[in-house]
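*Asks:* Here is my input, please return the structure:
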Amino acid sequence: MEKGPSKFTFVVVAAFFLSALFLFFWQYHWPTETIHLSDSNLHVLVAKTPKHWYTGVGGRKSLEPYDGMLFLFDGSSRQAMLMRDTLFPLDIIWLDRGIVVDMAPNVQTEIGRSEKQLTRYYPRAPANMVLEVPAGWLAEHSLKIGDKLSLTKS
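*Replies:* Numbering: from 1, shown residues only. Below you'll find the model as predicted:
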């Protein structure tokens with residue numbers, strides 16, 4: 001008389017399925033952080049995976065309830081940023097190890113352009129972080145090259 005699958009096999013298969021499901025949905029999770037830059041504490045979304053880097057703020061009507069999006073990269077490079085599916089203008093701030101190395105104020109949307117037609121915005125110096133905030137933030141703050149970003153303790 002043959003037996004069906006054991007309870008152990010069922011538990012292993014169920015654990016595998018639940019783990020795969022968790023990992024699938026985890027890619028959509030956006031971590032957050034509070035940072036200090038210039039005279040402001042900013043509550044930001046953190047983009048540190050290829051999916052987050054590609055999506056960025058695209059498709060969002062605003063950043064609210066967040067103040068910005070902080071892109072974290074593994075190493076320093078002249079990382080291009082673009083306005084893929086972005087519905088509102090941004091200020092872009094490039095940082096290397098927490099120090100501001102370049103800024104692009106009031107970058108306008110490019111709705112309706114193909115991927116090849118999108119403008120690539122490059123920093124003048126290598127950076128390992130990029131902060132995107134709503135356009136006008138730079139005009140309201142006295143940020144300058146060399147200023148430092150820091151994490152705030154909650």
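*Asks:* How about the residue positioned nearest the centre of the chain: what's its closest non-neighbour residue?
*Replies:* The geometric centre of the chain, computed from its C-alpha atoms, lies nearest to residue 47 (C-alpha atoms, centre = their mean), at 2.7 Å. Setting aside the residues directly before and after it, residue 47 is nearest to residue 71 in space (C-beta to C-beta, 6 or more residues apart in numbering), at 4.6 Å. For every residue, glycine as well, the C-beta is placed using N, CA and C.
*Asks:* quick one, what contacts the one you found?
*Replies:* Taking C-beta atoms under 8 Å, 6 or more residues apart in numbering as the contact definition, residue 71 lies against 47-48, 52-53, 56, 79, 81, 129-132.
*Asks:* In the helix or strand hosting residue 54, which of the residues would be classed as buried?
*Replies:* With elements delineated by DSSP states H and E, residue 54 resides in helix 50-55, which encompasses its position. Of all the residues in helix 50-55, those buried under the rule 16 or more other C-beta atoms under 10 Å are 52, 55.
*Asks:* could I get it in CSV with only the CA atoms?
*Replies:* Extracted in CSV, the C-alpha atoms of helix 50-55 (Å, rounded to 0.1, in the frame of the first residue of the first chain):
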residue,chain,number,x,y,z
PRO,A,50,17.4,47.7,-9.5
LYS,A,51,13.6,47.7,-9.5
HIS,A,52,13.5,50.8,-7.3
TRP,A,53,16.2,52.6,-9.4
TYR,A,54,14.3,51.9,-12.6
THR,A,55,10.9,53.0,-11.2
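*Asks:* For the helix or strand following it, the averaged confidence score.
*Replies:* Counting by DSSP H and E, the next helix or strand C-terminal to helix 50-55 is strand 68-77. pLDDT averaged over strand 68-77 equals 96, rounded to a whole number.
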